[in-house]
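A.B. asks: Here is my input; please provide its structure:
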Amino acid sequence: LGVLSSTETTVLYSTEPIWGAAFASVALGEQIGMNTVFGGSLILAACLASSVDTDALLHKENGEPNGVLAALQAGLVAVPGGAA
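C.D. replies: Purely as a prediction, here's the structure:
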């Protein structure tokens with residue numbers, strides 16, 4: 001107890017349908033269709049997105065813009081729906 005944060009626990013539990021489908025496929029011979037693969041991919045993408053530290057991606061340690069934020073500020077990346 002107390003080893004995982006609530007966010008990490010939520011991410012872990014949200015992968016339960018993937019483990020259930022994998023177990024059913026291996027142990028029971030269930031077929032995994034494209035809808036199942038697509039749904040599992042969405043679950044994994046959501047887990048990865050929720051575990052990424054966006055502040056670390058957008059700023060350097062000294063507070064200067066980095067990566068995506070710097071490119072947006074320099075006008076090097078077009079923003080959908082933004083001014084050209």
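
A.B. asks: So, low pLDDT: which residues of this structure?
C.D. replies: 1-2, 53-84 (pLDDT under 70).

A.B. asks: Which positions in stretch 19-34 come out as buried?
C.D. replies: Ala21 (16 or more other C-beta atoms under 10 Å). Every residue, glycine included, has its C-beta placed from N, CA and C.

A.B. asks: what's it in contact with?
C.D. replies: The contact list for stretch 19-34, computed with C-beta atoms under 8 Å, 6 or more residues apart in numbering, reads 36, 40.

A.B. asks: Now with 10 Å, please.
C.D. replies: 15, 36-37, 39-40 (C-beta atoms under 10 Å, 6 or more residues apart in numbering).

A.B. asks: now swap in stretch 38-50 and tell me
C.D. replies: If you take C-beta under 10 Å, 6+ apart as the criterion, stretch 38-50 is touched by 7-8, 10-12, 14-19, 21-22, 32-33.

A.B. asks: Which members of those residues are the farthest-apart pair?
C.D. replies: Pairwise distances across the contacts of stretch 38-50 (C-beta to C-beta) peak at 31.0 Å, for the pair Thr7 and Gly33.

A.B. asks: Could you look up the SS state of Thr9?
C.D. replies: helix (DSSP: H, G, I helix; E, B strand; the rest coil).

A.B. asks: Tell me where the longest helix sits in this protein.
C.D. replies: In the chain, assigned by DSSP state H, the helix with the most residues is helix 34-51.

A.B. asks: send the alpha carbons of it over as PDB?
C.D. replies: Extracted C-alpha coordinates of helix 34-51, given in PDB (Å, rounded to 0.1, in the frame of the first residue of the first chain):
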ATOM      1  CA  MET A  34     -10.200  -5.600 -35.600                       C
ATOM      2  CA  ASN A  35     -12.700  -3.800 -33.300                       C
ATOM      3  CA  THR A  36     -11.000  -5.300 -30.300                       C
ATOM      4  CA  VAL A  37      -7.600  -4.300 -31.500                       C
ATOM      5  CA  PHE A  38      -8.800  -0.800 -32.200                       C
ATOM      6  CA  GLY A  39     -10.400  -0.500 -28.800                       C
ATOM      7  CA  GLY A  40      -7.300  -1.800 -27.100                       C
ATOM      8  CA  SER A  41      -5.200   0.700 -29.000                       C
ATOM      9  CA  LEU A  42      -7.400   3.500 -27.800                       C
ATOM     10  CA  ILE A  43      -7.100   2.300 -24.200                       C
ATOM     11  CA  LEU A  44      -3.300   2.100 -24.500                       C
ATOM     12  CA  ALA A  45      -3.100   5.600 -26.200                       C
ATOM     13  CA  ALA A  46      -5.200   7.100 -23.400                       C
ATOM     14  CA  CYS A  47      -3.000   5.500 -20.800                       C
ATOM     15  CA  LEU A  48       0.200   6.800 -22.400                       C
ATOM     16  CA  ALA A  49      -1.300  10.300 -22.900                       C
ATOM     17  CA  SER A  50      -2.300  10.500 -19.200                       C
ATOM     18  CA  SER A  51       1.100   9.400 -18.000                       C
END
